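Novice: Dropping a prediction and its sequence here:
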Amino acid sequence: MSHFLEDLNLTQREAAMQIDGPVMIIAGAGSGKTRVLTYRIAHILNQGADPFQILALTFTNKAAREMKTRIGLLVNESYARQLWMGTFHSVFARILRVEAEKIGYPKQFTIYDTEDSKSVLKTIVKELQLDDKIYKPSLLLNRISDAKNKLINATQYQENPVHLTEDTQSKKPLLGQIYALYEKRNFRAGAMDFDDLLFQTNILLRDNPKVLLKYQEQFRYILVDEYQDTNFSQYLIIKQLAARFENICVVGDDAQSIYAFRGANIQNILNFKSDYPEARIFKLEQNYRSTVTIVESANAVISQNQDQLPKTVFTKNGTGAPILVFRAGSDSEEGQRIAHYIQDRSKHGVALHDMAILYRTNAQSRAFEEWLRRLNIPYKIYGGISFYQRKEIKDVLAYFRLCINPHDDESLKRIINYPARGIGQSTLDRILLTAAEQDLSLWTVISNLHDFKTGISKGIAEKLEAFCIKIKSYQALLQTQNAFELGQHIMVSSGIIPELFADKTIEGVARYENVQELLNGLKDFTEPQNTSEPNETETRFLADFVQDITLLTGTDLSDEKDDGTSKVSLMTIHAAKGLEYEFVCIVGMEENLFPSQLSLNSRSDLEEERRLFYVALTRAKTQLILSYAASRFKYGTMHFSEPSRFLDEIPKSFMEMALHPAQGNVAGKIKTTSQQIISNEISTSAQKKLVRVSAHLKPVSGTTVNLSFNQQLKIGDSVRHEKFGIGTIMHLNGIWPDTKAEIAFNPGGLKTLLLKFARLEA
DNA sequence: TGCGTGCTGATCATG
DNA sequence: TCAGCACGCA
C-alpha cells in the first residue's frame, strides 16, 4: 500500500485503493473529494501504471492544475505533467488536433468562442433577411448548443417535427435551417465551437473504430470529477472510452449540481449503477471543512429538495459562530455594511484572503467594489471577462488565427479593416454575399477577387490585395519564426501597436498595456523559464500558442498578475464551486435575485437554485454572513425586494440578526468641495443627515409654505403629489435649491423631481 | 467612409 | 446602468 494513503479515513482510503472496475464516489461538500482523487491517481502510478494511461477530467483548468501540483508532490513532477488531465474541452481538443483529418477538419482548426459563434449566427440571420429581434443570436446559440449536447445534428434536428413545433411556437420556425447553415459555415471555416469539441469527439469515436480502440487501450484508468455536471455528449465519450477496461471512477455530489441550465444531466450520476451494475459505490459523508452550524444549515436547506441521493453529511468540528444576517436599505448600503464588516474582521486579525463575497450575478459586484475601494481594502474579482476576450486582444489574436487558418471568417471580418485601411461595410457586404453564393470562405473570395463579379471598385480591390499580401507574408513566417518573433512582427507591422500607442486616453493606455501583456505572455511561452525540463529545446511556434487559447477562462490567467498581497475574493457562486474560505458573505439574499426570477417557473429550476445556495453555504469554514437589501437598482431604476425564501429554510437557532453598526463617522468621508454634491453612493443615513443639515444652513429663498416643507423632507418620508399621488422618497441628491428627489409612486413608479418645483404635501 | 449622438433593450449562472 | 445600434453629418 502506498504510504501516503494513511492520511485518509477509512472510506476515503477504500475509494482511493479500489482502482479496478467501475467506482462511483458520492462526495458531500468538504468531504475531501480532491484529496481522494489525487491520492487515487498517485496510488495508480505507484502500482506501476504509466501516467499517459490515466485520463482525468476536471471541470475547470484550475482544478486540473491544482490536482497536478498535488500529485506532483505525492509522486514526482514529471509524472504529474504527463497525465492526461484537464477539462473535457481541453483534453478532447488535444485529441481532435491529432485526429482532425479523419473527420474532415484541418489540423489547425480554429476554436470559436461564444462571441464568434454569435457573430456567425448574426451573419446568417442577416443573410436570410430575418428579424434579428426575434432571431436573437444568443437564443439561437442556446438552442443549437442544447441540440449538440444531446448529439442532435442539424439534419436530425430538421427531421424531427417536435423541434419545428417548438420553434414555431417560439416564432422561430427557421431555426433548423439556421442550425444547418451554422454547421456548414463553421465547417467551411475549419472552426469548431465549444460544443463541437465534444460533439465531434463523439463523431470521431463513433465513425473510427480504430481510433476508438487506440484511446480505449491508452486510457486504462479514467477518472471524472464533478460527474453530476456532465451532459449527454460528455457522458457518451466517457462511456465509449471506458468500455474496454471499465476502470472508471466518477466523483460527484448530486447536491452540488448547478449546471443543468447548460445541459448537465443529473441523471448521469443517478444512473451510474444501471450503466455499471457491478459498480462499487462509496459515500464520503464526513465534512472536514465547516462548523456544525454551517453543515447543519446547509443540510436543512438541501433537504427541501425532492430530487436527491440519500446521504447524511456530518462533521466532528465544533459548533462555531452563528450565521449573521445583515439587512440593508439599498444595494449600496449592503456594499457599505459588508465592506465595513470585512474591515472590522481584518482589524481583528482575519486575513483578507480568507474572506470572500459571493453573489448570484456578476452585476452585483459593483457596490462591493466601490466600498472596498473606498475603505482601501484590497480585493480581487474572479470571472468576468477573460483577458483573451478583451477587444484589443481578440483583434491581435484574429491576425494570428487568420494566418494559421485563413478560412476563419470571423477573424477575417474582425481585422479586414482594422486598423482602418478603407475597406468599409459595403465592401464587406459584397464579399459576404459572394462568399455565401459561391459557398466559399471570405479568404477564398478576397484572394481570388478577379474570379468573381463582386462589383468592388478597382481602388478598393487594390486595398484588398494589399491586405492579402500582408497576411500571406505572415503565413510565410509561421514555420520559421518562433511565436514571440512572429507575434511581435505582426503586432507592429499590422499597425495595431502604433495605433494603440497613439491613443493617450486612459482606456487607450490600458489597451496598449494589455497588448504589451500579451506580448509578454508570448515571450514566456516561447522561452519557458521553467527549467525543470532542460532538454526541451524545441522551437515554439505561433500556432502552438494560439491553438487552445480560447479555452482559457477569466480565472486562468489573472493569477499571474498577483502581487502577493492578501485580498478579499469576489465572485459568483458558480465560480466559487470547489473553493473554500474561512469567512463567506453571501449577498443579495432576495426573492427574484436569489432564487432568480427565472427559476420560479418550475420546481426543478428552483431546486437548482437551492443547490446553488447549498454550494454557497458550504464554501465557508468558520463564519457565514448572509445579507439582503430592501431596494436595489436594476437597469437604472429602483426595485423593491423581499428577503429570500432561502433565509427561512435555515433553522432560526443557527442565525442571528446583525445590529446596524454605529454610523458615527460616515459623514466624514464625504467630499467637501465648494459645491457639495451628495453622490448616490453615500449611504441613506448619511444623506438624511446632510439634507437636514443643509436645510438648516441655507436660508429659505423664495419662500412659500410648500417650499420650506420640501426642504425638510428626508428619505423614507411619504408625500403626496397632485398628479402622481402618494409616494415614498427613495433618494435625495444635491443641495437646496437644487435638491432632486427620487420618489417611488404607487402606481406610477419611480420619478425624479426637483424639489423646489414639485408641489408636495405631507 | 468614419464618427458622434441618442435610443433601446437586456442579462442568471459558463467552458 | 450600459452596451450595441441605427441614424445623421463631415
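Specialist: All right, it came through fine. Residues are numbered from 1 along each chain as shown, chains lettered A, B, ... in the order given.
Novice: going forward, measure contacts between C-alpha atoms and count neighbours the same way
Specialist: Will do.
Novice: mind listing what's buried in stretch A:41-60?
Specialist: Under the neighbour-count criterion of 16 or more other Cα atoms under 10 Å, stretch A:41-60 has A:41-45, A:50-60 buried.
Novice: which stretches of the stretch 401-550 of chain A form helices?
Specialist: Here the stretch 401-550 of chain A has its helices, by DSSP state H, counting those that start in this stretch, at A:409-415, A:425-438, A:442-447, A:458-475, A:483-493, A:496-502, A:506-526, A:542-546.
Novice: so of those, which one's packed in deepest?
Specialist: helix A:409-415 (a mean of 21; mean count of other Cα atoms under 10 Å).
Novice: mind checking which of the helices of the stretch 401-550 of chain A is nearest residue A:269?
Specialist: Proximity to residue A:269, assessed across those by Cα to Cα, is greatest for helix A:542-546 (35.0 Å).
Novice: Give me the residues contacting the closest one.
Specialist: Residues from elsewhere that reach helix A:542-546, judged by Cα atoms under 8 Å, 6 or more residues apart in numbering: A:108, A:397, A:400-401, A:404, A:478, A:482-484, A:486-487, A:522, A:525.
Novice: Among the buried residues of stretch A:41-60, which ones are in helices?
Specialist: A:41, A:42, A:43, A:44, A:45 (DSSP state H).
Novice: can you put those in TSV and add distance to DNA strand C?
Specialist: Output for these, formatted as TSV (distance: Cα to the nearest atom of the strand, whole Å):
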residue	distance to DNA strand C
A:41	43
A:42	45
A:43	48
A:44	47
A:45	47
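Novice: Closest one of those residues to residue A:148?
Specialist: residue A:41 (31.6 Å).
Novice: which residue packs closest to that closest one, ignoring adjacent ones?
Specialist: Nearest residue to residue A:41, sequence neighbours excluded (Cα to Cα, 6 or more residues apart in numbering): residue A:71, at 7.4 Å.
Novice: need the contact list for the one you found.
Specialist: A:38, A:39, A:41, A:42, A:77, A:80.
Novice: pLDDT check: weakest of the residues you listed?
Specialist: Lowest pLDDT among the contacts of residue A:71: residue A:77, with 85.
Novice: Out of the buried residues of stretch A:41-60, which are close to DNA strand B?
Specialist: A:59, A:60 (Cα under 7 Å from any atom of the strand).
Novice: Among the buried residues of stretch A:41-60, which one lies nearest to DNA strand B?
Specialist: Set against DNA strand B, the nearest of the buried residues of stretch A:41-60 by Cα to the nearest atom of the strand is residue A:60 (5.2 Å).
Novice: so what's that closest one closest to, chain neighbours aside?
Specialist: Nearest to residue A:60 is residue A:87, by Cα to Cα, 6+ apart, at 5.7 Å.
Novice: Likewise for residue A:263?
Specialist: Counting by Cα to Cα, 6+ apart, the residue nearest residue A:263 is residue A:231, at 5.4 Å.
Novice: likewise residue A:165?
Specialist: According to Cα to Cα, 6+ apart, the nearest residue to residue A:165 is residue A:173 (7.8 Å).
Novice: Same question for stretch A:474-482: list its buried residues.
Specialist: A:474, A:475, A:477, A:478, A:481, A:482.
Novice: quick one: contacts for the spatially closest residue to the third one that is not a sequence neighbour?
Specialist: Leaving aside its sequence neighbours, residue A:477 sits nearest to residue A:486 (Cα to Cα, 6+ apart; 7.0 Å). Contacts here follow Cα under 8 Å, 6+ apart; on that basis residue A:486 touches A:474, A:477, A:478, A:542.
Novice: Give me the neighbour count for the residue of the stretch 301-450 of chain A at minimum distance from DNA strand B.
Specialist: Of the stretch 301-450 of chain A, the residue with the smallest distance to DNA strand B, taken as Cα to the nearest atom of the strand, is residue A:361 at 3.0 Å. Close neighbours of residue A:361, defined as other Cα atoms under 10 Å, add up to 15.
Novice: What score does it have for pLDDT?
Specialist: 91.
Novice: likewise residue A:537?
Specialist: 68.
Novice: try residue A:557
Specialist: So, for residue A:557, pLDDT stands at 49.
Novice: cool, and residue A:341?
Specialist: Model confidence at residue A:341 (pLDDT) stands at 95.
Novice: Close to DNA strand C: what parts of chain A are there?
Specialist: A:634, A:635, A:636, A:637.
Novice: Out of the contacts of helix A:542-546, which is nearest to DNA strand C?
Specialist: For the contacts of helix A:542-546, the residue nearest DNA strand C by Cα to the nearest atom of the strand is residue A:397; the value is 17.5 Å.
Novice: so that closest one, which of the three states?
Specialist: helix (DSSP: H, G, I helix; E, B strand; the rest coil).
Novice: sorry, back to before: can you tell me how far the residue nearest to residue A:477 is from residue A:495?
Specialist: Distance, residue A:486 to residue A:495, by Cα to Cα, to the nearest Å: 14 Å.
Novice: helix/strand/coil for the most centrally placed residue in chain A?
Specialist: Centroid-nearest residue in chain A, with Cα atoms, centre = their mean: residue A:383, separated by 5.3 Å. Judged by three-state DSSP, the three-state class of residue A:383 is coil.
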